[in-house]
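Peer 1: quick one, fold the following:
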Amino acid sequence: MADRRGIATIGGISLTLAVLAPLAACSSDGPDDTVGAVHRVDGASLVHLSAEGKVDPSQSVTVTAVPGSRLTDVTVVGPDGRVVAGRLSEDQRSWQTTGRLKAAADYTVRIAADDGKGGRGETTAGFSTVAAQRLLTAKLGPDSSGSGVYGVGQPLTVQLSEAVKDPQARQEVERALTVTSQPAVTGSWYWVDDKNLHFRPEDYWPVGTTVALAFDGTGSRIADGLYGGDRAALAMRIGERVETVVDAAAHELTLTRNGEVVRTLPVTTGKPGFDTRNGVKVVLGQERQVRMSGETIGIAAGSSESYDLNVEWATRVTWSGEYVHAAPWSVGAQGVANVSHGCTGMSTENAKWFYQNTRVGDLVTVVNSHGPGMEPFGNGFGDWNVSWADWVKHSALGQPVNTTVPPSQSRATGMIRPEL
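Peer 2: Have a look, this model is predicted:
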């Protein structure tokens, strides 16, 4: 006999009733009077669904069998095809969602049950969740709108649209963030403040690594009234390992590529009172020409220390204005003394070479200066000045992340580039 389909109601929810063929049967020309034979029943009459109307996604949904019946299978599927986790009671009388429901989403519930008398049936119901009061969105960095190739020191950044202070809510944010790479690395998130997170590996990114970052918490509950907003994703690739060490005492800069010294250049760094910061910095950007004024760092115009110059081949390493740049006015001091206001200066020819041989994300480390240490955050990327043990402590989940790419997202030719 062909299946019969109709419309039924569970707990006020309209649903499509699917009457299934018996799980086991034998052909017979006459009536089947076998004791205990399985027969089809109205599945909708055997169960009750707690969801009525619009459901609060923070609340669980329960399926209950009527007295004398038991549940044999319950599946809840979201609009993205993902199955919501759930738990069946030991007596098989009830089933409850344990997985998270998304806001403003439609769900399908497929239920199978038997009536304890040899009757079995299936039914399908549906429910919807209410929209979120507030949506949390994420701005991801670095901006890979250009070449998408960065140095080995480049951290991943996330700027949230709202402050998230609660530790549990921060865990939900981290669960919504996915970092994958080929090759895989061990890394961790660090909450810089209530709205900003950074991700870095335990060590610098391996040369040639492809990296993908995604915020995929759409509709997921973050905190009371706050749910994940639109998905965001970016991809980047890591170039060669270019590291620069500026020795303020020796007045020289040494650039290495993949562990091999490429060139050592005479430089000048910050003079007393304007000493260059020690520590590891990450290249933030490069400007063919930039206007530099002493007033931007608190030097009064017209004073003996004031300056206002157009500077060429400028490679920025802090937001407050520290650069590696051309300084033709101090060539006589380069390699001999420190006479700058905090930047690393060199000849125009050498500055052009340095500019052309570095990129955003490369590392610039200053040693043997009398200046303070590079701050970890707020003035560029000082992330690598934080020990790995301390870095992991500032993750809401409190543990490292392995960036292995799931098999479903990889191909023989490499990682799938996510939507940008």
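
Peer 1: buried residues of stretch 367-383, list them for me.
Peer 2: Ser369, Gly371, Met374, Pro376, Asn379, Gly380, Phe381, Gly382, Asp383 (16 or more other Cβ atoms under 10 Å). Where you see a C-beta, it was placed from the backbone N, CA and C, and this is true even at glycine.

Peer 1: in this structure the third one contacts Gly279, no?
Peer 2: Yep, that's Met374 we're talking about. Yes - using Cβ atoms under 8 Å, Met374 is in contact with Gly279, at 3.3 Å.

Peer 1: shaky segments in this protein?
Peer 2: Scanning the chain with the threshold set as pLDDT under 70 gives 1-37, 144-146, 294-295, 304, 306-308, 408-420.

Peer 1: what's near enough to touch Met374?
Peer 2: Arg277, Asn278, Gly279, Val280, Lys281, Thr318, Val366, Gly380, Gly382, Asn385 (Cβ atoms under 8 Å, 6 or more residues apart in numbering).

Peer 1: surely Thr180 meets Thr404?
Peer 2: Yes - between Thr180 and Thr404 there is a contact at 7.1 Å, judged by Cβ under 8 Å.

Peer 1: settle it for me: which of those two has more neighbours?
Peer 2: Higher neighbour count among Thr180 and Thr404: Thr180, with 22 against 14, using other Cβ atoms under 10 Å.

Peer 1: so where's the longest strand in this protein?
Peer 2: Counting by DSSP state E, the longest strand found in the chain is strand 119-129.

Peer 1: please point out which parts of the helix or strand just after that one sit buried.
Peer 2: Next helix or strand after strand 119-129 toward the C-terminus (DSSP states H and E): strand 134-136. The neighbour-count check on strand 134-136 (16+ other Cβ under 10 Å) flags Leu135, Leu136 as buried.

Peer 1: and stretch 340-347, by the same measure?
Peer 2: For stretch 340-347, the neighbour count (16+ other Cβ under 10 Å) marks Ser340, His341, Gly342, Cys343, Thr344, Gly345, Met346, Ser347 as buried.

Peer 1: quick one: the helices in this protein, in order.
Peer 2: Listed in chain order, the helices of the chain (DSSP state H) span 167-176, 348-356, 388-393.

Peer 1: contact partners for the most centrally placed residue in the chain?
Peer 2: Per Cα atoms, centre = their mean, the C-alpha nearest to the average position across the chain is that of Leu177, at 3.3 Å. Going by Cβ under 8 Å, 6+ apart, Leu177 touches Ala138, Val158, Trp189, Leu197, Phe199, Leu213, Ala214, Phe215, Gly217.

Peer 1: for those, which one is nearest Arg241?
Peer 2: Of all the contacts of Leu177, the one with the least separation from Arg241 (Cβ to Cβ) is Phe199, at 18.9 Å.

Peer 1: tell me the bridge partners for that closest one.
Peer 2: Phe199 has these beta-bridge partners by DSSP bridges: Leu156, Trp189.

Peer 1: can you tell me which residues contact it?
Peer 2: Pro155, Leu156, Thr157, Val158, Leu177, Val179, Gly187, Ser188, Trp189, Tyr190, Leu213, Val401.

Peer 1: which of the residues you listed sit farthest apart?
Peer 2: Using Cβ to Cβ, the contacts of Phe199 span at most 15.3 Å, a distance reached by Thr157 and Val401.

Peer 1: in stretch 156-174, what's buried?
Peer 2: Of the residues in stretch 156-174, those buried under the neighbour-count criterion (16+ other Cβ under 10 Å) are Leu156, Thr157, Val158, Leu160, Glu162, Val164, Ala169, Arg170, Gln171, Glu172, Val173, Glu174.

Peer 1: for stretch 325-334, same thing?
Peer 2: Across stretch 325-334, burial judged by 16+ other Cβ under 10 Å covers His325, Ala326, Ala327, Ser330, Val331, Ala333, Gln334.

Peer 1: for the first one, what are its contacts?
Peer 2: Looking back up the chat, that one is His325. Shown in contact with His325 (Cβ under 8 Å, 6+ apart): Val290, Val311, Glu312, Trp313, Ala314, Thr315, Cys343, Thr344, Gly345, Met346, Ala351.

Peer 1: for the third one, same thing?
Peer 2: Contacts for Ala327 (Cβ under 8 Å, 6+ apart) come out as Thr268, Val311, Gln334, Ser340, Cys343, Gly345, Met346, Ser347, Ala351.

Peer 1: ok, Gln399 next?
Peer 2: Ser188, Val392.

Peer 1: now, which of the buried residues of stretch 340-347 lie within strands?
Peer 2: Those of the buried residues of stretch 340-347 lying in strands (DSSP E): Thr344, Gly345, Met346.

Peer 1: can I get the residues you listed in JSON lines with distance to Ile238?
Peer 2: Formatted as JSON lines, those follow (distance: Cβ to Cβ, whole Å):
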{"residue": "Thr344", "distance to Ile238": "24"}
{"residue": "Gly345", "distance to Ile238": "29"}
{"residue": "Met346", "distance to Ile238": "27"}
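
Peer 1: and the end-to-end length of stretch 381-390?
Peer 2: Start-to-end span of stretch 381-390 (Cα to Cα, to the nearest Å) is 16 Å.

Peer 1: contact partners of it?
Peer 2: 153-155, 190, 198, 200, 202, 204, 279-282, 284, 363, 373-377, 391.

Peer 1: if we go to 7 Å?
Peer 2: 153, 155, 198, 200, 202, 279-282, 373-376 (Cβ atoms under 7 Å, 6 or more residues apart in numbering).

Peer 1: go on, stretch 66-80?
Peer 2: Under Cβ under 7 Å, 6+ apart, the answer for stretch 66-80 is 46-48, 61, 63, 65, 83-84, 86, 88, 92-93, 95, 97, 102, 105-116.
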